[in-house]
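[1] coordinates only, no sequence provided:
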């Protein structure tokens, strides 16, 4: 099932707090991806914080994004933290 991301909030430790269209609030840890292309281009806090939502997923300037199913499948519910 493909769920759109409705909102995103970046955290100081390179994580994303996400709201999905099914009402779930989840946290996705970006740290493992920041060593890989293309995400290594957003490995500074000032660039990472420029995240926004478009087309049902999260995006950064420079056409950097992550598939919404990856964000959902590899995140944890905020209620479990």
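    Here it is on my side, so go on. Note that the structure is a prediction, hence the values are computed from the model and not measured.

[2] as a check, name the ranges of all strands in this protein.
    5-10, 15-20, 25-29, 52-54, 57-60, 64-66, 76-77 (DSSP state E).

[3] tell me which of these sits nearest to residue 37.
    Closest approach to residue 37 among these (Cβ to Cβ): strand 64-66, 9.6 Å. All C-beta atoms are positioned from the backbone trio N, CA, C, and that covers glycine.

[4] mind giving me the packing neighbours of the closest one?
    strand 57-60 (3 or more Cβ pairs under 8 Å, 6 or more residues apart in numbering; DSSP states H and E).

[5] which strands and helices sit next to the strand it packs on?
    Going by 3+ Cβ pairs under 8 Å, 6+ apart, strand 57-60 lies up against strand 5-10, strand 52-54, strand 64-66, helix 68-73.

[6] right, so of those, which gets closest to residue 26?
    helix 68-73 (6.9 Å).

[7] and the contacts of the closest one?
    2-5, 16, 18, 20, 26, 28, 56-58 (Cβ atoms under 8 Å, 6 or more residues apart in numbering).
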